[in-house]
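# give me a 3D structure for the following:
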Amino acid sequence: MPESLELEADGSPEKFPADVEPEPGDLIEIFRVGYQHWAVYVGQGFVIHLAPSCELPNAGLDSLASVLSCKAQVRRERLGAVAGGHRYRVNNKHDGSLQPRPSLAVVGSAEGLVGCELAYRLGSCNCEHFVTRLRYGVARSDQVQDIVVGVGAAGLSLAALGLLRAVVKKRHRQNQ
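Numbers count the residues shown, from 1 in each chain. So this is what the prediction gives:
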């Protein structure tokens, strides 16, 4: 199976085309408005995911607010219900750089956490951190890294513009 294969949520959450069915332990990336939600596939159409306390089963535009929650529950639900009509794909994106744990260990660890309430912090303990820790034993969130890099680059750009403005003003004063 390819490392990253796109699927469409089609209203039949328990059925996948035979050649693209996720395998237990696969990471599922769900494309929501403004962010990606992550889950781990555990078989028979079910995923386990970290759901912030205000997340609705059929997440829509309102689910963006859920990323600011401070508590989350580990839930086992149908993939289609979690996707809520949004596009999703299997994305085992770190398989090339990190050794995945055996699928039985991933699924067993995930199943053992169902029903637990965990702290939820956007920068250090979000749904992507949750699933990468299950699959690789290491919590990672590329979304958070991308935001930090973007904010840092924007800050440097603003600082450079401010410095340039000060230099131009100084030269303008000297020329008068």
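
# CA only for contacts and neighbour counts going forward, please
Noted.

# what's the following helix or strand after the lowest-mean-pLDDT helix or strand in the chain?
In the chain, the helix or strand scored least confidently by mean pLDDT, DSSP states H and E is strand 4-7, which has a mean of 52. Sequence-wise, the next helix or strand downstream of strand 4-7 (DSSP states H and E) is strand 27-32.

# helices or strands up against whichever helix or strand comes after that next one?
Downstream of strand 27-32, the first helix or strand assigned by DSSP H and E is strand 35-43. In terms of contacts (3 or more C-alpha pairs under 8 Å, 6 or more residues apart in numbering; DSSP states H and E), strand 35-43 is packed against strand 27-32, strand 46-52, helix 103-113, helix 127-136.

# just the residues contacting the first one, thanks.
Think strand 27-32. 36-41, 60-61, 64, 83, 86-92, 131-132, 135 (C-alpha atoms under 8 Å, 6 or more residues apart in numbering).

# note down every partner strand of that strand and its orientation.
Using DSSP bridges, the strands paired with strand 27-32 in its sheet are strand 35-43 (antiparallel), strand 88-91 (antiparallel).

# sorry, back to before: list only buried entries from the contacts of strand 27-32.
37-41, 64, 83, 86-92, 131-132, 135 (16 or more other C-alpha atoms under 10 Å).

# still on that earlier bit, please identify which of the strands paired with strand 27-32 is closest to Ala105.
Minimum separation from Ala105 across the strands paired with strand 27-32 (C-alpha to C-alpha) falls at strand 35-43, 10.8 Å.

# next one: Gly108 from Gly43, what distance?
12 Å (C-alpha to C-alpha, to the nearest Å).

# comparing these two, which shows the higher neighbour count?
Gly43 (18 against 14; other C-alpha atoms under 10 Å).

# got the contact list for that one?
Gly43 sits next to 22-24 when contact means C-alpha under 8 Å, 6+ apart.
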